[in-house]
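Student: let's see this in three dimensions:
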Amino acid sequence: MKISKIKPFLVDERRLFVRVYTDEGIVGNGGSGLWSQTKLGYEAIKELSRYYIGKDPTLIEHHWQVVTRHTTLHFMGAVLSSAISAIDIALWDIFGKSVNLPVYQLLGGKCRDKIRVFNNVRGDTFEELAESASDSVKQGFTALRLTPFFKDAAKQTPTQRVENAVKMIQAIREAVGYDVDLGIEVHRKLSPGEAIVLGNALEPYKLFFMEDPIAPARVDALRYVASHVDIPIAEGERLYNIWQFKELIDVGVSLIRTDISLAGGFTHCKKIAAMAEASMVGILPHFSDPLKAAQIQLDAAIPNYVLHEPFFTTEMYSKILDEPVKMERGYILLPERPGIGLEINEDALENYPYKPWETKGAFHEDGSVADL
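Tutor: Numbering: from 1, shown residues only. Now for the predicted structure:
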């Protein structure tokens, strides 16, 4: 079996799919997790295709080594890594289909029967947040996540932001109690000092994790935060290689946020998960995989999977995928079909034309740039 063609597809807003075709008629599906400049990822896939075409699609580790080491892996960057990830996912999809097995079986078999996810709590007032949390628990979710800032938070003082965040968590805990795991997504919006103040203020509410308190590239600052906060820190959704994640583990992060469609596909993320397992660090994946299918296969196959965000079928996904991901009372159900468990309807893709990323920025009250 040989790879005969590779086609990337820019779809809707910030979605990049890829299909890898073989001379035996098996087609693999993948997706890129570059969630801003997706057109750069599109061009990278086209460039990489020149290497893959004519090759055996089942030599997946070998191909990964060639395309990453030829570009000097440490410096290849997120764009190229997202393109390699998309193709890697598609190759594993081909492999699974060729032997009529789900990818998680090829990775050693499933460690769980279904995938636990959290639901995002939303609302513009404390009352709306409490109601959203209660509704989620009624739907069967046993874990929740909140961005603890209202829309105007960038224009508030640090003290106001912390005060409002504490009130939000308090409102949710009063609504759902302590039988539900609760995490917060800070979105890198705080300085190290602010993150420590917030983490210490929230300690009585027994949070399950504090995600992205600061940017992960600032390793020394992250070590300082982790050593002064008694809430498990989750970081890494913007990282893309095993050495970056090793640094996170070394500074004391408790959960790492690998993204299979950014951090090297199945081939690399399986290794990152094993490295984390050796340090008793959990995997709380970032779910930018545009097919919403590959990450589920990996979640099933690794022992240190913890949680990830939910996926709900939209009109677009119901049209372009023959079998979208299924959820049931706070869990994603494991697909039993070969490969990653779905097929793309190429004819339907043209109904969802690409919408370019628009750079807008976020700003503090004084006009200086805030982190997104």
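
Student: SS state for the residue positioned nearest the centre of the chain?
Tutor: Most central in the chain under CA atoms, centre = their mean is H286, positioned 1.7 Å from the mean C-alpha point. Here H286 takes the coil state, with states given by DSSP: H, G, I helix; E, B strand; the rest coil.

Student: wait, it sits on L255?
Tutor: No - the pair H286 / L255 is not scored as a contact, 11.0 Å apart, by CB atoms under 8 Å. No exception for glycine: its C-beta is placed from N, CA and C like everyone else's.

Student: residues contacting A226?
Tutor: Shown in contact with A226 (CB atoms under 8 Å, 6 or more residues apart in numbering): I233, V251, G252, V253.

Student: likewise L202?
Tutor: Here L202 is in contact with A165, V166, I169, I184, M210, I231 (criterion: CB under 8 Å, 6+ apart).

Student: redo that, cut-off 7 Å
Tutor: Shown in contact with L202 (CB atoms under 7 Å, 6 or more residues apart in numbering): V166, I169, I231.

Student: can you get me a residue count around the second one?
Tutor: I169 has 23 neighbours, counted by other CB atoms under 10 Å.

Student: doesn't it belong to a strand?
Tutor: No - with three-state DSSP as the criterion, I169 is located in helix rather than a strand.

Student: count the neighbours of the nearest residue to it once chain neighbours are set aside for me.
Tutor: Among residues not flanking I169 along the chain, Y205 sits closest, at 4.9 Å (CB to CB, 6 or more residues apart in numbering). Around Y205 there are 15 other residues, counting by other CB under 10 Å.

Student: mind listing what's buried along the lengthiest helix in the chain?
Tutor: Longest helix of the chain, by residue count under DSSP state H: helix 77-99. Buried positions in helix 77-99, judged by neighbour count with 16 or more other CB atoms under 10 Å: 78-98.

Student: one more: stretch 285-296?
Tutor: P285, H286, F287, S288, D289, P290, L291, K292, A293, A294, Q295, I296.

Student: who touches that stretch?
Tutor: Contacts for stretch 285-296 (CB under 7 Å, 6+ apart): 15-17, 29-33, 35, 89, 115, 237, 257-262, 266, 299, 308-309, 311, 325, 332, 334, 340-342.

Student: could you tell me which of those belong to helices?
Tutor: Going by DSSP H, the helices hold I89, F266, D299 from the contacts of stretch 285-296.

Student: check contacts around the nearest residue to I115 once chain neighbours are set aside.
Tutor: Residue nearest to I115 in three dimensions, not counting chain neighbours: I332, with 4.1 Å by CB to CB, 6+ apart. If you count contacts by CB under 7 Å, 6+ apart, I332 has them with K114, I115, V117, I296, V325.

Student: can you list these in JSON lines and add pLDDT and distance to I242?
Tutor: Putting the contacts of I332 into JSON lines (pLDDT from 0 to 100; distance: CB to CB, whole Å) gives the following:
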{"residue": "K114", "pLDDT": "95", "distance to I242": "28"}
{"residue": "I115", "pLDDT": "95", "distance to I242": "23"}
{"residue": "V117", "pLDDT": "95", "distance to I242": "25"}
{"residue": "I296", "pLDDT": "94", "distance to I242": "22"}
{"residue": "V325", "pLDDT": "81", "distance to I242": "27"}
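
Student: out of everything not next to it in sequence, what's closest to L107?
Tutor: A301 (3.8 Å).

Student: what about that neighbour, how many neighbours?
Tutor: 22.

Student: likewise D124?
Tutor: As a burial measure, D124 scores 9 neighbours (other CB under 10 Å).

Student: where do the helices of the stretch 201-350 of the chain begin and end?
Tutor: Counting by DSSP state H, counting those that start in this stretch, the stretch 201-350 of the chain has helices at residues 219-228, 242-250, 265-278, 294-301, 315-320, 346-349.

Student: my error: substitute the stretch 1-150 of the chain in the last question.
Tutor: Counting by DSSP H, counting those that start in this stretch, one finds helices in the stretch 1-150 of the chain at the ranges 38-52, 60-69, 77-99, 103-106, 126-138.

Student: next up, the contacts around the residue nearest to G54 when sequence neighbours are not counted.
Tutor: Counting by CB to CB, 6+ apart, G54 lies nearest to K2, which is 5.8 Å off, once chain neighbours are set aside. Contacts for K2 (CB under 7 Å, 6+ apart) come out as T22, D23, G54, K55, D56.

Student: by neighbours, which of these wins?
Tutor: T22 (20 neighbours).

Student: check that one and give its pLDDT.
Tutor: pLDDT for T22: 98.

Student: OK, contacts around it?
Tutor: M1, K2, I3, S4, P57, I94.

Student: tabulate the residues you listed (TSV), appending distance to Y42 and pLDDT.
Tutor: Output for the contacts of T22, formatted as TSV (distance: CB to CB, whole Å; pLDDT from 0 to 100):
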residue	distance to Y42	pLDDT
M1	26	97
K2	24	98
I3	18	98
S4	20	98
P57	21	98
I94	21	98
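
Student: so which of the residues you listed is the closest to L146?
Tutor: The closest of those to L146 turns out to be I94 (CB to CB; 39.4 Å).

Student: doesn't V20 make contact with that closest one?
Tutor: Yes - at 6.4 Å, I94 counts as touching V20 under the criterion of CB atoms under 7 Å.

Student: anything in contact with each of the two?
Tutor: G28, P57.

Student: give me the below-cutoff pLDDT ranges for this structure.
Tutor: Applying pLDDT under 70 to the chain picks out residues 71-76, 372.

Student: kindly report the domain assignment for it.
Tutor: 3-100, 106-338 (automatic domain parsing).

Student: what's the burial count for K167?
Tutor: So K167, with other CB under 10 Å, has 13 neighbours.
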